[in-house]
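Novice: The sequence and its predicted three-dimensional model are supplied below.
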Amino acid sequence: MSDVLLEVRNLVKHFPVGGGMFGGPVATVRAVDDVSFTVRRGETVGLVGESGCGKTTTGRCILQLERPTSGQILFEGTDLITLPAEELRVLRRRIQVIFQDPFSSLNPRMTIGQILAEPLKVHRIIPEKTARAEKVQELLAQVGLLSQHADRYPHQLSGGQRQRVGIARALATEPSLIICDEPVSALDVSIQAQIINLLEELQSRLGLTYLFIAHDLSVVRHISDRVVVMYLGKIAEVADRTALYESPVHPYTRALLSAVPIPDPKLEASREHTVLRGEVPSPLNPPSGCVFHPRCPIAEPRCSAEIPLLREIHPEHRGACHLA
Amino acid sequence: MASLLEVRNLQTSFSTASGVVRAVDGVSWDVREGETVALVGESGCGKSVSALSVMRLVAEPAGRIEGGQILFKGRDLLLLSDEEMRHVRGREIAMIFQEPMTSLNPVLTIGRQLTEGLEIHMKMAREPAQARAIELLGMVGIPDPARRLGQYPHHFSGGMRQRMMIAMALACNPSLILADEPTTALDVTIQAQILELLKDLSRRLGVAMLIITHNLGVVARYADRVNVMYAGRIIEQASAGDLYGDPQHPYTLGLLRSVPRLDEPRRAHLAPIEGQPPDLTRLPPGCAFAPRCAFRVERCAEAVPPLRSLGSAEHLTACWEAERLVNRAAA
Amino acid sequence: QAQRNGGELVFPVPSEPPSYDGHREETFGLIHPIAPFYNTLLRVDPNDKGGTKPYPSIAESWKESDGGRTYTFKIRSGVKFHDGSDLTARDVKASYDKIIFPAPGVGSTRKGQYAVVEKIEAPDRSTVVFRLKQPSGSFIASLLSPYNFIYKADILAKDPNWYEKNIMGSGPFTFVEHVKGSHVVGKKNANYWDKGKPYLDGFRAIFIRSSAAQVAAVRGERAHIQFRGFTPADRDNLKSALGNKITVQESAWDCILLVAINHEQKPFDDKRVRRALTLALDRHQASESLSKIAIVKSVAGVQVPGTPFATPPGELNKLAGYWTDINKSRAEARRLLKEAGVPEGFQFTFKNRGIPMPYEPLGVWMIDQWRQVGLNVKQEVIEPAAYFGVIRKGDYQAAMDFQCGYIVEPDLDMYKFLSADRNPANYGRYKDPVLDALYDKQSGETNVEKRKQIIRQFEKRLLDEEAHYLMTLQWHRIIPHSSKVKGWTVTPSHYLNNTLDTVWLEQ
Amino acid sequence: MLHYIIKRLLLMIPTLFGVAVLIFLLLRVVPGDVVEARYMSQGSQFTSQDLMNIERKKLGLDQPLWKQFTSWMGGVLRLDFGLSMWTGSPITEEIKLRFALSLQLAVMATVVATLLAIPLGILAAVKQDTWIDYAVRVFSIAGLAMPSFWLGILMILVMLIVFKWLPPMVFTPFWVDPWENLAQLIWPALAVGYRYSAVATRMMRSAMLEVLREDYIRTARAKGLWLKLILTRHAMKNAMLPVLTVIGLEFAFLMGGLVVTEQVFNLNGLGMLFVEAISQRDYTLTQALVLIVAAVFIFVNFATDIAYAWLDPRIRYR
Amino acid sequence: MAVTKETLDRLATPKPERARWLQATLDFTRQRPLGAIGAAIILVMAVVGLSAEWLAPYDALQTDYGAMLAAPSGAHWLGTDAYGRDVFSRVIFGSRTALIVGLGASIIGATLGALIGVASAFFGGRIDLVVQRIMDVLISFPLIILALAVVAILGTGVQNVILAIAIPMIPRCARVVRSSALAVREMPYVDAARAAGFTDARIVLRHMLPNVTAPYLIMLTAFLGQAILLEASLSFLGLGVQEPVAAWGLMLRGAAVEFAETAPWMAIFPGLAISLAVFGFNLFGDSLRDALDPRLRTQ
Ligand SMILES: Nc1ncnc2c1ncn2[C@@H]1O[C@H](COP(=O)(O)OP(=O)(O)OP(=O)(O)O)[C@@H](O)[C@H]1O
Ligand SMILES: Nc1ncnc2c1ncn2[C@@H]1O[C@H](COP(=O)(O)OP(=O)(O)OP(=O)(O)O)[C@@H](O)[C@H]1O
Ligand SMILES: [Mg+2]
Ligand SMILES: [Mg+2]
C-alpha cells in the first residue's frame, strides 16, 4: 500500500490579473505557492482549507486543466506537465474528476446515457454500440441509479442523483485516481451521507485512489486516510487522519478544528473556542513571513519575517510553523 | 417570558408553472424576548419563506400569504397597512440575509446604506446619523470605521460585509433580528467570528433572534430553542438540549446520525437517510417524510401527523410513531 | 409689362457643383448656381423656346467666311470682369485655347467637341477668329455651350486650374458665398455691361437633394423655381395647392433614355431579335400613361420632337415600334423572334441604372412590354456611378443608355450612334459604315431640307432596319414655378438659359 | 483607473487602423472611381480616355495602392484628412456644417429617447405583467417596428395637411438662430428619438426587472424604505448601466446612420453626405467619414465604459 | 452560468409525451399574451408568404395602365400603384420577399456570428483577441457603408441584399454569443470534457455550441425584425431589392412618396405591412428572450 500514485512537487500557480494587451499583468494571484504532497495507491488524501486557499486550483493543475507556473506533477512517475498533448489525452482516462456542482458539471443538452457513453466511445474503450449501452447500464447500477435514468436529462434528476451521474462518468474510463472537488458540499445534509458512503464503497470495490477536496473538516476526517491542510496557497500541515485531528501541530489547524460546531449543545457549552481575529488576507498580496501570522494567536516577531518550512514534526506528520 | 413574535398557522404558497408550491404550510412558532430561536431544515423546506413572511417580503405576485397570524408585540402584522408595515421593517424587526455579497447595493457607499435607515426611522439628521454609523461599525468589529463609511461594499471582504449587514440590522435598535443563514456563505473561521459576534450582541443588547440554518452544529452552539422543518411544516420543536439529547422525530434522528461528528470516534459507515427530499408541488397526502422513513406505518401515508407533546410541553413532535422511536432509542 | 428691379430669386438645385470650373464639369449642378457669374461668347436666345437660336453675348456679332472655314467674332467693348479689369479678345482666346488646346497634362472635357477647330486668333482687342479644318454645320451651335465661360487670360496664364476653386467672371451677378452643403449666393453686378440688367438684386441657390423637399420649398413659397424639372405628380400637387400662384412651363426635354443592345451577344447579333425588341414597345400608349407618372412624354426619333430636324409624327409612325396598331406590332415581334429561333419565354437580363426617375418607370414598363411578346426579362439595377463602367465593358445583354444635350443639333445628337470604332460611347458595339456615311453626309450638308432627308434615312436605318438602338420616350421638362418669376423661358435643355440676367420678380 | 483609460485609448488604435484598411480596400474593390463617376455619369459622348487618365493622375489614383494608403495614413496621423476628390476642397470644410447638424440631431434624439425611456421603462418594470406594462411594451415595440422613413413621411404629411408645415430648406445652425434651429430639428429628433427610445425603454425595463430581483433591493425593503426611494436610490443607478450602453451605441449609430431620416426631412447631415460621397466615389471623403464615424462610435463606447466605471464603483476599483 | 442553466433545460427537452408542444404553446400563450400575438402575426405572415399565388387576386407584376393610381375599391381592395398594379397582391407577394430576405439574412448572420463567437471564446488568448478586434472593426464600421459597399461590389438582387444585411449582423451576434460561450467555457462540464481527454473540435461542437442556443435564438429573432426593416430601408434608398419584384420597402419608395397626398394607399399599406411584421417579430422575440432568461421570469 505504499507505492506512490501521484506526487505533486513544488507546485506553483500564479494567475495574472488586470493588464492586457499592452499593460501586462498588474498583479498576480498566488493561488498555489510551492505545494508538495504525495498520494499513494488506494488511499484517500483529504485537502482542506478555507475558501480561496487554492484547493481547487491544485486539483485543476493535477488534472492539467490549468497550466502550472512551475513544479512537477508525477503520475505513476510520468510528469504530466511535460507530456505531449496526444499522450496526455490518452493518459487522461486514468485521472478523473468529480465536481462540486452536480448540475453544472453535466452537459444539459445530453442525456445521462449519452454523457456516460461519450468517454467510452472517444477513448475506444467500447467501440461497439450495444455493448456500450450495456456498460452504461452497468455504470448506472454501480452508482445506485436505475436503467431508465439513461434517457433522462440532467435537469430531470435530483441533486443527489446528478452527483451519482457525475461519479458514474468518472468511473466510466476505469481511472485509478479520482479528484473529488467538494463532491458533497452542494448537497443537502441528508444526501451527503449517501454519496460519501457510495464513494467509500466504490473505493474498496474498485481499488480507487481519491484526492478529496473539501472544507468540511468532519467529512474529511471521515473519508480520508491522510489530510493536507492549506492556507493561502501554502500547505500548513500534512498528517495522518488520527494524528491531525487528535494532535494538530499548526495553530491554524487548531483554530479550524475549534471553529467547527458540533451538533451537541452540552458539548458545545463546555468546549473552548479559539476564535481567530481578522479576515482571510488576499492572495494578491499575501502577508510576509508566515502567511498565517496576522491571525495567529501565538505569533511571534519572527513569524512575520521568516517563512516557515514544511518540516517533519512527528514521523509522517509535517507542519509549517516555527513554533510547532 | 412573554412571546415577542408569535407565528400561528402560517401558510404561504407560490404559484409556479409546475403548480402551487406550499412553501410554508400551517407553521406555528414563537420567539420570546431576548432569546435565540433556530429554524433548521434542508434546502427548500421553507425556512427563508417563513422569515420573509414575517417581514411581509414574500415575492409578489407569485407568492402569497394565504393564512395564519403573525403576532408581533400583540399586533397581527398581516393586518397592518403597507405604511405601518414599513415602520416595523428595519425599526422593530430587522433582517440579515444569507448572501453578504449580493445583499448590499454595490453602487452605494457603506455610509449611505447604513445611515438611510436611521434617517428614515429615527428621523436623524446627516451628522448624528454618520456618528451613529461609525459607532455601529465599531461595534461589529470593523477597524477604522470612520474611513470605511466612504467605501463601497466591494472593498469589503465577505466577513466584513456580513458584519456590515449586522450593523445595518442593529441600527435602529430593533427588538427582533431575523438572521437567514447569516454564515452559510462564509468560511468556518469567519463563521465562528460572526456567530460569536451575533450571540454577544444579542446578549448585550437583549435583542431576540431567529437564526435560520441547516447546520445542526451551529444550532447546538447558539440556539436556546429549535424548530425543525421538513417540506413546509414544523416536525419537531424543542429546547436545544432536548432536541439533541432526545430527538423524537425520525427525520431529526436521521439527520443527527447521518453527519460525521468530530467529537465522536470515526465510524466505518455513515447512516444516511435514504431517498430524496420531496417535491413541494407533489406532496404525498400523509406525512411528507414517510417515503424515506424507517418507522413508517400505514397511517403515515394517510394523514398528516399533528405537532404533539409526548410529555414535556416544550417538546413537540409531528410523528405518529414518536413513542416507538423514543422507546427504541432508549432501549 | 415692365420689368421690375429688385428681389432675390431663390431656387433649389438638386446637386452641388463639384468645382466652379465650367470648362471641366459636366453637370447642371454647376450651371444653375454658377452660370450667372459668367458670360459666354455666344448664347442661346433667352426667349427662344426651342433653345437653338444663337444670340450675341460677349460677341456682339460674327461672320462666316472662307466657305465656312473661318468665323470672325466682334467682341463687345466695355465688358468688365468683376475685378474691374476689361474683358478683351485675349481673354476669349485664352478661354477657348484652354478648352480646345489644353497644355499637355491638362485635361479638357470638351476638347473632342471642337475637333474641327484648327486654331484661334485674337488679332486685336475686339476680334477673335476661329479657323476650322473644314466647314461644319454645327460649329456655331457648339459655341452656344453654356459651359464655356470666358475666364481672364492673366489668371489662366498663372494657373490654369485657378477657376476650379474660385469664381471671377463678367456675368450679371457677383459671387457672395458658397456654404458647403447648403447654398450659393450671388448679388447683382452693378457694373454689368448690359445696362439695366440684371433686374434681380441677387439670387440664392440652395442645394436640396430630395425632390420632395424641392417641391416642398416651392410649395411653401420659400423658393421660386427649380430649373431642372419636376415630375407630373409634383406639378399637379403644386398646381392644386397653389392655384394660379404657380405657372407651369413645359417643353420636350433634350434628354432620352435609349436601350443599348449588345451586338456581340447572341441572339442580339440578329437584327430580327433587335427589331422584335423595339416592336414590342407600345410607345403611343406609354406616352399617354407614363407621362402621368414620369418625366417622359413625346414619342421620338433621333431628334427632339418639335425641333427643326425632327421627323414629323406621321412619318415617324412608319418606323418599327412606332406603329399605331400595337397588336400588329406585337404579332410581328413574335413572328420575328420565332423566325430567329428565340424560344417563347426566352430569358435575358436588362441592366438598368439605379436612378429612380425616369429609369425605374421606363424599366418597369419595358420589362412588362417585352413580357407581352413572350420574353422573360430580369432587371438588374446597377449603382449609378458604376453603371457606365460596366456597360462600356460590354458586360450586358441589353442596357439602358442615356443621351442628353445642351442644344438640339443633329451632329451632336446623332454622334452617339456612330460605329463603335468612331465613338467609344456607342455601347451597342456595332460597326455600320452605311450609318457613318449618312452621318458625315448630313453633317456637311448646308441645305436644311436636304439635310432633313439624310437624317430621316439615318433614323430609319438606326431604329428600324438595323434596330441598333431602341429609343424610349423623349424626356419632358416640367417647370412649375412661382408666377412671380418673369423673363424666363423654358428650353429643351436644363443647361440653357440660366444666366438669370433677363429674369425678374413680380411684386 | 488611469491605467484602464490609457489601455482603452490604446485599444482604439488597432480598431481604427482596421477600419481604415477596410474602407480603403473596400473602396478600391467597388467598381468605378471618382473620375468615371464625374465624366461618365452625364452620359457625355466626348469624354476621352486621355482626359480620364490626366484626371486620375491629378488625384494620385495612378499611384500603387500602398503608396496611396501610406500617404493617406500619413495625413490622418497629422489629423489632415486631405482634399475631397470630388470638389478638391479640404474635407474639414466639406464636413463642418454637416457634422454640426448630425451631432445636434443625435444629441436631441438622445435627449428625447432618454426622457421617454427612463420613466417608461421603470413604470413597465414596476407594473410588470399589468396592462400598463403591456401598453408601454407595445408602444416601444411599435417604435422599433415603424421604419423611420415611413414614420417621417407620415409625420410630414400630417404636418403638411394639418399644420401646413413644410420642412425648411436650409439648416440654420444653433448659434445663428436657436429658435429656428430647434423648430427645424425637433421633428426629426422626435421621429428618431421615438424609435431610439424603444430600444432604451426595453433595456430599462429588463434591467430594472433584473435589479428589482436583486438581493440588495430586498435588503432595502427590509430596512423599511419607501418604494420611491428604493426605485430612485437603489434600483435606478444599477439599472442605468446597461441602458447607458444602449444609449451610447445608438448615439454613435445616429451620427452616420440617419441616411433615410435625413432624406425624408431634407437634412444635410453626415448620412446623406456618406451616400453622396460613396456614389461619387469620393475616396478621400468617404474614408474620412468612415473614420470619423468609427471614431465617434469607438469613442462613445469608450465614454460609456468610463461612465460605467464612474457609476459602478466595482469597475472604478480596477 | 445561471442564465443558461434553466434556459437550456427548457430547450433541451424533447418530451416524448403526446402533444407536449401543444401544452407548451398554451402555456406560452397564457403567460405571455404579447408574445403569442407576435407569434400569430408571424404565422399569418408565413402562411401568406407561402401561399401568395393562391391568396393574391392579381399577379404582382401585372400592370394595368388603365387603372393607374386607383383608389381602394371592390376590384382593388387596397388600390393600385403608379403602374396600375394591385397593391393588395403586391403586399401579399411582398411578405414572401420579406421572409426570404429576413430569414436568409438573419440565419446567415446569426449562424456565422455564433460560430465565430463560440470558436473565439473557446480558443481564447491571441486568437480571441484578434477575432475580437476584427469584430470591433466591423461593428464600428457604419452599417450603411457596409451595405452600400456590398451592393456596389456585387450589385443589387435578393441574394446580395441578404448578404449586405447579414454581414453587419455577424459581429453583433458573435459578441453576444461569445460572452455566453465564455461562461459556458467555464462550466464544469466543459472542464469534465477536457479532463476526459476529448478533442477540441468535439468540445466546441458537442459541448459548447448546443449550449449557446438561447442567445443564438434570441439574436436570430431580433435580427429577423431588423433584417426586414433594413431591407425596407435599403430598398427605400434604391439599394435593395429592385423593381418589379414585389417588396414592401420598394413599394414605399419613389412614386409612393410623390403620390403620398393623392394616392396615400400606396404608402400606407406596405408601411403597415412592414410595421406589423417587425412588430410581430419583436413581440415574439421579446417574449422569447424573457422566457429563455430565467432572471426575467415572473415566477
Ligand atoms: N482563473 C483565475 N484567475 C485569477 N485568479 C484565480 C483564478 N482561479 C482561481 N483564482 C484565485 O486563486 C485563489 C485560489 O482559488 P481556488 O479556487 O483554488 O480556491 P479554493 O480553495 O478551491 O476555494 P473554494 O473553497 O472557494 O472553492 C483564489 O484567490 C482565486 O480567486
Ligand atoms: N419566489 C418563489 N417562487 C416560487 N417558489 C418559491 C419562491 N421562493 C421560494 N419558493 C419555494 O418555496 C420553497 C421554500 O423556499 P425557502 O427559500 O423558504 O427554502 P429554505 O428552507 O430557505 O432553503 P435554503 O436552505 O435553500 O435557503 C422552496 O421549495 C422554493 O422552491
Ligand atoms: Mg474550490
Ligand atoms: Mg433560504
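Specialist: Nice, thanks for sending it over. Since we're looking at a predicted model, the values are computed, not measured. Ligands and ions are numbered 1, 2, ... in the order given.
Novice: what sits against the residue nearest the centre of chain C?
Specialist: Using C-alpha atoms, centre = their mean, the residue of chain C that lies closest to the mean C-alpha position is C:Gly405, 2.4 Å off. Taking C-beta atoms under 8 Å, 6 or more residues apart in numbering or on different chains as the definition of contact, the neighbours of C:Gly405 are C:Asp254, C:Cys255, C:Leu412, C:Asp413, C:Ser493. No exception for glycine: its C-beta is placed from N, CA and C like everyone else's.
Novice: Low-confidence stretches in chain D?
Specialist: Across chain D, the stretches falling below the confidence threshold (pLDDT under 70) are D:1, D:42-46, D:167, D:315-318.
Novice: What strand or helix carries the residue nearest to the residue nearest to the centre of chain C when sequence neighbours are not counted?
Specialist: In space, C:Gly405 comes closest to C:Asp254 once its chain neighbours are excluded; the distance is 4.8 Å by C-beta to C-beta, 6 or more residues apart in numbering or on different chains. Per DSSP states H and E: C:Asp254 is located in strand C:246-261.
Novice: Of all the residues in that strand, which ones are buried?
Specialist: With burial defined by 16 or more other C-beta atoms under 10 Å in any protein chain shown, the residues of strand C:246-261 counted as buried are C:246-247, C:249, C:251-261.
Novice: what packs against it?
Specialist: Applying 3 or more C-beta pairs under 8 Å, 6 or more residues apart in numbering or on different chains; DSSP states H and E, we find strand C:246-261 packed against helix C:232-242, helix C:271-279, strand C:296-299, helix C:359-371, strand C:398-404, strand C:469-482.
Novice: Now do the shortest one, average pLDDT.
Specialist: The average of the pLDDT scores along strand C:296-299 is 92.
Novice: That strand close to chain D?
Specialist: No: shown here: strand C:296-299 not in contact with chain D (C-beta under 8 Å from any C-beta of the partner chain), separated by at least 15.8 Å.
Novice: and that strand, which residues are buried?
Specialist: By neighbour count, with 16+ other C-beta under 10 Å as the criterion, the buried positions of strand C:296-299 are C:Val296, C:Lys297, C:Ser298, C:Val299.
Novice: Looking at those, which is nearest chain E?
Specialist: Distance to chain E, by C-beta to the nearest C-beta, is smallest for C:Val296 among those, at 13.0 Å.
Novice: Hmm, the closest one is touching C:Met357, no?
Specialist: No: using C-beta atoms under 8 Å as the test, C:Val296 is too far from C:Met357 to be in contact (9.4 Å).
Novice: quick one, longest helix in chain B?
Specialist: helix B:188-205 (DSSP state H).
Novice: Partner strands of the helix or strand following it and their direction?
Specialist: On the C-terminal side of helix B:188-205, the nearest following helix or strand under DSSP H and E is strand B:208-213. The strands beside strand B:208-213 in its sheet (DSSP bridges) come out as strand B:36-40 (parallel), strand B:176-180 (parallel).
Novice: before we move on, the earlier item: next, the residue nearest to the centre of chain C: phi, psi?
Specialist: Backbone dihedrals for C:Gly405, given as degrees, to the nearest 10, come out at phi -130, psi 160.
Novice: could you check the distance from it over to C:Gln442?
Specialist: As judged by C-beta to C-beta, to the nearest Å, C:Gly405 and C:Gln442 stand 16 Å apart.
Novice: ok, the residue lying closest to C:Asn317 once chain neighbours are set aside - how many residues close by?
Specialist: Nearest non-adjacent residue to C:Asn317, counting by C-beta to C-beta, 6+ apart: C:Thr324, 5.8 Å away. Neighbouring residues of C:Thr324 were enumerated by other C-beta atoms under 10 Å in any protein chain shown; the total is 12.
Novice: And C:Thr324, how close does it get to C:Asp282?
Specialist: C:Thr324 sits 10 Å away from C:Asp282 when distances are taken as C-beta to C-beta.
Novice: hey, what's in contact with both of these two?
Specialist: By the contact definition C-beta under 8 Å, 6+ apart, C:Thr324 and C:Asp282 are jointly contacted by no residue.
Novice: bridging residues for the residue lying closest to B:Asp180 once chain neighbours are set aside?
Specialist: Nearest residue to B:Asp180, sequence neighbours excluded (C-beta to C-beta, 6+ apart): B:Ile212, at 4.6 Å. Beta-bridge pairing for B:Ile212 (DSSP bridges): B:Leu39, B:Asp180.
Novice: ok, B:Ile212 touching B:Ser48?
Specialist: Yes: because the distance of 6.6 Å satisfies C-beta under 8 Å, B:Ile212 is recorded as touching B:Ser48.
Novice: Around ligand 1, pick out the residues from the stretch 101-250 of chain D.
Specialist: Applying the criterion C-beta under 6 Å from any ligand atom, no portion of the stretch 101-250 of chain D neighbours ligand 1.
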